[in-house]
Every structure is written in structure tokens, then in C-alpha cells.
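Colleague: Model the structure of this input:
(3 chains)
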Amino acid sequence: MRLFGRRIPVGFSLAFWFIVWELVGRARLSTIVPPVSRIVMAGITILPSEKFMKAAGISLRSFAIGMGLALVLGIPVGVLMARVEGIGRVLGMWVNIFVSAPISALVPILMGVIGIGETTVVVTVFLFAVFVIILDTQVGVRNANRSLVEMARSFGARRLQIHTKVLALSALPEILTGVRLAAIRGVKGVVIGQLLVAIIGVGELFELYSKHFLMEEFWSLVILVFLFAYLVSEAIASLERRVEYYASTR
Amino acid sequence: MSADAIVEVAGVGKTYEGRVQALVDVSLGFPSGKLSTLLGPSGCGKTTLLKIIGGLIPATTGEVWVKGRKVEGPGPERAFVFQDFALLPWATVLRNVAFGLELRGVPTAEREEIARQQIVEVGLAGFESTYPHQLSGGMRQRVGLARALAVDADIILMDEPFSSVDEQTRRKFQEELLDLLRRKQKTVIFVTHSIEEAAYLSDRIVLLSPRPGTVSKIIQPNIARGQRSADEIRRDKNYLDAVDEIWQILRRYVA
Amino acid sequence: MPRTHRPENPRVLWHLVSFALVFGCWEIAGRWPISVAFPPFSQTVLALLRMLADGSLPKAYLSTLQPLVIGVILCGIAGIGFGIGMGLSRAVEWFTLPVFIILQAAPMAAIIPLITYIYGIGLTAKVLAVVFLAAPVVVMNSYKGIRNTNPSLIQMCRAFLGTRSQEVVKIILPHAGALIFAGLRLGLAMGFIGVVIAELLITPTGIGDLITYHSSVADYPEMFAAVASIILIASLTIHGLERLERRLFPPELRGSS
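Modeller: Next up, the predicted model:
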């Protein structure tokens, strides 16, 4: 986009939308759209509050534990599925089903079996995240440059060496893509899990603010959560770009 | 078969998926210290034969013997140079060249010392900490060659090593390869589809027929190389005769 | 080494083994039992059949599929149109791309409580929940499809004096078709998530009602059957679309960009 012959950075369009939002808010066109400035003020007041800190702490912990479990379990399962034909065939169908199935429907089951609490949210995050990690790891290992494997064999590499020195690194870009998508889903998992469980973490705050019509607080929370999701995914994406050439064929 | 054959191929055949016959009954000896070329139309199974000798794929019938021992898989006396270079994209030139030794468990300091020598040998001094994606195609294949030289194998198997390299680079590379091999006394088995390349480089040219591939003819160009320059060789009568003879045979195979 | 081609039968066999293994584990875990709220597979199947027979399941789907279908069609029309506009016009791209990049990563479910607040508990609120969840991926895929057109094909079109509209109609849109369709498929997957959350969170209707009701009266086999049915239907629909996609846009005709 150019204005008076000068390039304007893309990020500036966000500023434009915030200005529009501010104007709409000030014109009092809708009760659910308060001006951005007031939302920011509300954000500044709730950020240091004990209630928010506690909710954020619980949510972050659920996210971290769920993601951690998904990584620790998902990557080895993905590698196994790619390298052992039987495992790949038995599990492949289920991974494909659950990677696009509405996992949110499983939350009521988790609430029944595990109970209404943090563990349910952790498991929700895990289920949201794990399948895409398995899938991308599997694809990465399968697509790993065959010629590199052949090269390693020609120099006398053993099975373990092929896995650690060639396959793991060759698949790294795809694995990281899986991790990034999983993190995005994981954040959704925290929010959906907590909304459905309704009495813990950020989900409780969302319910509270919308029930009491605290629109400024509500929107500041939405912006914070969106920002968190975006930053997490961008952080992993920048890591991804740094290892992109690992998958280059030549 | 000559007594000094370091590699012997005995009745080798290869059938893919129980249907496609790539090779049928190939028997050949490769003399020690010489450069032999496998030449033929595309799809004649020359790369398949090379990979069978390398132990990368099993033969359906027949056997390969290297230095009196039957080939069951890859071995330390053979080193492979790949058509697509097969360099680890995440490793520096130094680590790539040392990779064969790394797999054998040679200590870091020792293998890097050897790798540095070979990097100088192939003319890449100064590029030790560069990554493959920062190099041109010709330079990447020099890394591939240095890696094969670093493991100090007697036999070097080269699978169309110059096919992804531009023409000028290729000529320069061919000259340097001849020079290098003369000094190192290696046995080289070289796959190519370029008639000129085969005639220019080889002591012995094995012509393969189209699928299913089998030995069609063996030509020994007998070009006196001595200290002569590349341009003199390319004007040598024996060189020109060899090119012509190969073309007369191959033109029948080209549809 | 080339992979040996396998006939179709062993694949079906593997699927059967896979089903048997997973359902077997479920049955054992249910009979053990790991929890009173975890019925074995056999009871869940029986409950599913009961709910099919008494008509409660078909009736539930009639109301669940309404917001889903309306929402996905809305996304299909508006979202694809918008994504194409973003891909074709630099100005539209400048103004909206950053917004959609953020929305695609954002947990849109967070604003469902707000939707409920404004639009109440009716169909509109549920349609909106579906639209909010599905739209980002539909828009972004259409945009990427347009943007990924092979530049040398566009240059070719210009070299042969093609006009801009010919360029769009004859080169860019056919090229983007596969990605746009894939976006619709991903949008549908998100739509399923949206409709389930909406029915659980806004008001229990349709399948959400079945899940909530049977859970509250501790009819766990019925509840499991309801959950399993929505996962089954979602998977079958998405799988069907995937096959259709491969039919309509076979990889060899897509060309690489």
C-alpha cells in the first residue's frame, strides 16, 4: 500500500482498525463496542489485579502441561508411525479422524470421567494439540530426503545413526510446523475447555465479564488472549524459518 | 576376466516389483586403479548397477565381489558420490565432509583434520563453515567428492556426479577429477549419460543396452594422457574415434 | 527403493484390525471400569441404536445441522469472495491481511459468551458462532490460493497479450481452486467445533442437548453415543469432502507453483 508515493508498513493497517473502533465506540453506535482507549484502560487496571493473575496463572499452567504432554507423546508416536508400518496403519486412521474432529464434543465426557477441574482443561489442551503433532511428525519423517538416508547407509550408518543424525533433523521443519499448529490449537483448547468447565481460569473471567456486562474488561481480555495466541505462534514460526533449509533437497 | 579386477560383477540381474526388469545377467570386471564408465541410454539400469555394487540395493540374481569378498551391503572400501549431492542441509561443509568418518566413530579432532585436508584437495579452502544452501551446484558436488575421499576408500562410485552442474563448471571439474585421481590411485566406477564425458575421462567404457540393461560392448579409448592438457586430449584422434564409436552403437538405441 | 504396490484388500484388513484394537481397548476399559462415567463400547453401541430407533438422534441432528449448514454456506459465499478480493487487490490486502492473520491464530471461541449476550439463545447466535470460527480459515485459504499462482503462468498470459480479467479468469482462479476448496473443508471442520460449542454453551439444543441431558441424568452410554455420533458424522463428511477434492483437483493437474 502506498500513500503519496510512500510505502506504508502492513502493520499500520491494524492501527487504522483501532482508530475506526475508537470512533465507533465514541459514537456509541453499539453498547457492546466501547472505545479502544477505555478497553486499554480497563486492561491496565485488571492486569495487575489478583483475580486476573490467578486466572492467567491457572490457564498458562494448563496450557504448558497439556502442550508438554502432547510434545513428549506426539513426536515419538509420529516417528514410530512413519518407521514401523504396522503402527502407522493401525493408528493412521484414528489420527486422521481426530485431527479434524470436533474435540470440543469430548469435553463433556472428560468432565464426567475426570471431574470438573484443572485436569480436564489439561487433557483438553492435550487432545487439541497432540494429533496435529503426530501427523506432521509422521509426514516429516516420511518425506525426509531419501537420498540422505541412502548416503548415510553407503557410509555404513547403523539404524540408530540414521534416525538421530539424518531423519530427526531432516524432519525438524515439519515437526516445528506441527508444534506451531498444535500451540494455536492448544490455546483454543484452554479457552474452550475453561469456557465449558466455566469455573476456572480465563474462561471463568469471560463468563463473569459477559454476564455482568463489563464490556471493557471483556474486550481487554479477548485482546490479551488473541495477542498471546499470536505471539506464541509467531515465536514458533520464527524458529521454523531458521531451520527451513534443513528440509531442502539439495 | 582380468586377474586384477578389484570389483567383479557376476550374472547380476534386477527385477523391480516382480515385473520391471532393469538389469539382466550382467557380468563384468573392473580393473584396479582405473576409471571405468557405465554408459547407456536413460533407463538402461546403469544407476541401478552402481547402487548394487555400492550395496545400497540388493541384486535379484547374481553376485558382486569386491576385493575377493561378496557384497552384502555398503562397506568401508567403497565410497559413493551422489547425483543430487546428498549433503546434510543443516551441517557445515566441514561436518558434511567429515560425516562418513563421524558415522564410523572417528574422534572429532581427527576427522576434522582429515576433512580439512580433503576440502583443500577439492579446492574449497575457506568454505569450511559454509552451509550447502549457500554454495553453487558445482561447489556442492566438490563437497560430495571430498566426503567420499575423506573415508579413504579404494573404490569411488560416482552416480552422474556432474549432471546437475552447468557445462562450464563440469569441464573444469572433469579436468580436476582426472588430475586428482591420477595422484590418488583410486579405482573409480562412474555413471554418466554424456558420451564426451565418458570418452574424456575413462580408461574403460562399459556400454549398456536399453532396458533390460545388459553389457552391450566394452570400449577402451586408449588415450595417452600423460602430461597432456585437456584441450590436447579433446583433439586426440583416439578420443574422437571413441566418441564416434560410442555414438554409432548408442544411436541404434535412441528411439 | 520403490515401494511395492499393495492391492486394496490388505488396507481394508488393516482398518478392521485398527477398529478391533481400539474398540477392544474401549470395551475392556469400560468393563474394568476406569470410571462409572465410562461405559464399555458395547453399551455405547446399544445406546446409539436405541437413540436411532426412538428418533431422538435424527431429530437432534435436524436441529444441529441447521446452524452448521447456514454458517458454512455464509462463509462459503462471503469468505471466499472476500479472500479472493484480498488476493487480487493490494489495497484490500493491506487493510485486512494483518487482521485475518491474527484471527486465524486466535481462539475465536472466547467471544461466544458475547454472541449469546447480544443475539440471545436462538439460531442466529449459533450461526454466528459457526461463522466466527470457520471464516478465518476460509478467507485465508482463498487468499493464499490466489496469491500462490505460478508467476511464470501469469507472465505467459501477459506475454500473449491477455487482459487482467483473462488473467484472473483463465489462470488465477483455476489455479486457486484446490486451495479454496481445501479452505472450505477446513472451515467445515471448524464449523463442527463451533456448532458443538454453541450447543453446549449457548443453549442445549440438538446434539448438545442430548449430551448435556444424558450427562445430567447419568445415562453415560447415551451421552457417549451422542458424542461418538457427532465425531463420526464430522469425520465422514470431512473425509468425503477430501475425496471429492482429490477427484476435482487431482494433484497432477494442479501444477506446482
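Colleague: Going by C-alpha atoms from here, please, whenever you check contacts or count neighbours.
Modeller: Will do.
Colleague: Report the residue spans of the chain with pLDDT below the cut-off.
Modeller: Unless you meant another one, I'm taking chain A. Scanning chain A for pLDDT under 70 picks out A:1-7, A:10, A:198, A:248-250.
Colleague: wrong chain, I was asking about chain C
Modeller: C:1-9, C:252-257.
Colleague: Is it correct that C:Gly183 is in contact with C:Asn141?
Modeller: Yes - with contact defined as Cα atoms under 8 Å, C:Gly183 counts as touching C:Asn141 (5.0 Å).
Colleague: Okay, helices next: where are they in the stretch 101-250 of chain B?
Modeller: B:108-121, B:137-150, B:167-184, B:195-201, B:230-235, B:237-250 (DSSP state H, counting those that start in this stretch).
Colleague: Which of the ones you listed sits closest to C:Ala234?
Modeller: Between C:Ala234 and those, the tightest spacing by Cα to Cα is seen for helix B:137-150, at 48.3 Å.
Colleague: now that closest one, how far from the centre of its chain.
Modeller: Here helix B:137-150 is found 12 Å from its chain centre; the criterion is Cα atoms, centre = their mean, to the nearest Å.
Colleague: Give me the angle between that helix and helix B:167-184.
Modeller: Per axes from the mean of the first three to the mean of the last three Cα atoms, to 10 degrees, the angle that helix B:137-150 makes with helix B:167-184 is 20 degrees.
Colleague: ok, and what's touching the one helix or strand in chain B whose mean pLDDT sits lowest?
Modeller: In chain B, no helix or strand scores lower on mean pLDDT, DSSP states H and E than helix B:230-235, which sits at a mean of 80. With contact meaning Cα atoms under 8 Å, 6 or more residues apart in numbering or on different chains, helix B:230-235 is reached by B:Glu175, B:Tyr200, B:Ile223, B:Arg225, B:Tyr239, B:Leu240.
Colleague: for the helices of the stretch 101-250 of chain B, which one ends up most surrounded?
Modeller: The highest mean neighbour count among those, using mean count of other Cα atoms under 10 Å in any protein chain shown, belongs to helix B:137-150: a mean of 25.
Colleague: Show me what from chain B comes close to chain A.
Modeller: Counting by Cα under 8 Å from any Cα of the partner chain, the residues of chain B close to chain A are B:54-56, B:74-76, B:79-80, B:82, B:84-90, B:100, B:103-104, B:132-133.
Colleague: mind checking how far the closest residue to chain B within the stretch 101-250 of chain C is from C:Lys170?
Modeller: Using Cα to the nearest Cα, C:Ser152 is the residue of the stretch 101-250 of chain C that sits closest to chain B, at 22.4 Å. According to Cα to Cα, to the nearest Å, C:Ser152 stands 14 Å off from C:Lys170.
Colleague: the more surrounded of the two?
Modeller: Applying other Cα atoms under 10 Å in any protein chain shown to C:Ser152 and C:Lys170 shows that C:Lys170 carries more neighbours, namely 14 against 10.
Colleague: wait, is that one part of a helix?
Modeller: Yes - counting by DSSP: H, G, I helix; E, B strand; the rest coil, C:Lys170 falls inside a helix.
Colleague: Kindly tell me how buried residue 55 is, as a neighbour count.
Modeller: Looking at chain A here, since you left the chain open. 17.
Colleague: wait, chain B
Modeller: B:Gly55: 19 neighbours (other Cα under 10 Å).
Colleague: likewise A:Val20?
Modeller: For A:Val20, the count of nearby residues is 14 (other Cα under 10 Å).
Colleague: in the longest helix along chain A, what's buried?
Modeller: Secondary structure of chain A per DSSP state H: the longest helix is helix A:50-83. Within helix A:50-83, the residues scored as buried using 16 or more other Cα atoms under 10 Å in any protein chain shown are A:52, A:55-56, A:58-71, A:74-75, A:77-82.
Colleague: quick revisit: so which of the helices of the stretch 101-250 of chain B gets nearest C:Ser56?
Modeller: Among the helices of the stretch 101-250 of chain B, if distance is taken as Cα to Cα, the winner is helix B:137-150, at 66.8 Å.
Colleague: counting contacts, what elements does the closest one pack onto?
Modeller: Judged by 3 or more Cα pairs under 8 Å, 6 or more residues apart in numbering or on different chains; DSSP states H and E, helix B:137-150 is in contact with strand B:78-81, helix B:93-103, helix B:108-121, helix B:167-184.
Colleague: the inter-axis angle of it versus helix B:93-103?
Modeller: Using the same axes, to 10 degrees, the direction of helix B:137-150 lies 30 degrees away from that of helix B:93-103.
Colleague: before we move on, the earlier item: check the offset of the least confident helix or strand of chain B from the chain's centre.
Modeller: Worked out by Cα atoms, centre = their mean, helix B:230-235 lies 22 Å from the chain centre.
Colleague: The next helix or strand after the longest helix of chain A and chain C, any residue contact?
Modeller: Using DSSP states H and E, the helix or strand that follows helix A:50-83 in sequence is helix A:85-100. Yes - Helix A:85-100 reaches chain C (Cα under 8 Å from any Cα) through A:Arg89, A:Val90, A:Leu91, A:Met93, A:Ile97, A:Phe98, A:Ser100.
Colleague: Selecting buried members of those residues in PyMOL, what would you type?
Modeller: Of the residues of helix A:85-100 next to chain C, the buried ones go into a single PyMOL selection, burial set by 16+ other Cα under 10 Å:
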select buried, chain A and resi 89+90+91+97+98+100
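Colleague: Pull the contacting residues for residue 177.
Modeller: Picked chain A for this. Going by Cα under 8 Å, 6+ apart, the list of residues near A:Thr177 reads A:Asp136, A:Ala237, A:Glu240.
Colleague: actually chain C
Modeller: So C:Gly177 contacts C:Gly145, C:Phe249 (Cα under 8 Å, 6+ apart).
Colleague: List the buried residues for the helix or strand that contains it?
Modeller: Per DSSP H and E: C:Gly177 is located in helix C:173-201. Using 16+ other Cα under 10 Å as the test for burial, helix C:173-201 gives C:173, C:175-201.
Colleague: hmm, back to that, from the residues of helix A:85-100 next to chain C, which is closest to chain B?
Modeller: Chain B lies nearest to A:Arg89 out of these, by Cα to the nearest Cα, at 21.3 Å.
Colleague: what residues are up against that closest one?
Modeller: Applying Cα under 8 Å, 6+ apart, one finds that A:Arg89 lies in contact with A:Met81, C:Trp14, C:His15, C:Ser18.
Colleague: Skipping adjacent residues, who's closest to the first one in space?
Modeller: In space, not counting the residues next to it along the chain, A:Met81 is nearest to A:Gly88; the distance is 3.8 Å by Cα to Cα, 6 or more residues apart in numbering or on different chains.
Colleague: Give me the distance between that neighbour and C:Tyr117.
Modeller: Relative to C:Tyr117, A:Gly88 is positioned 46 Å away (Cα to Cα).
Colleague: quick one, helices of the chain?
Modeller: Going with chain A. A:12-26, A:36-46, A:50-83, A:85-100, A:107-113, A:118-143, A:146-154, A:159-161, A:168-170, A:172-197, A:201-211, A:215-242.
Colleague: Correction: the question concerned chain C.
Modeller: Using DSSP H, helices in chain C cover C:8-31, C:41-53, C:56-74, C:80-88, C:90-105, C:112-119, C:123-147, C:151-159, C:164-166, C:173-201, C:206-216, C:220-248, C:251-254.
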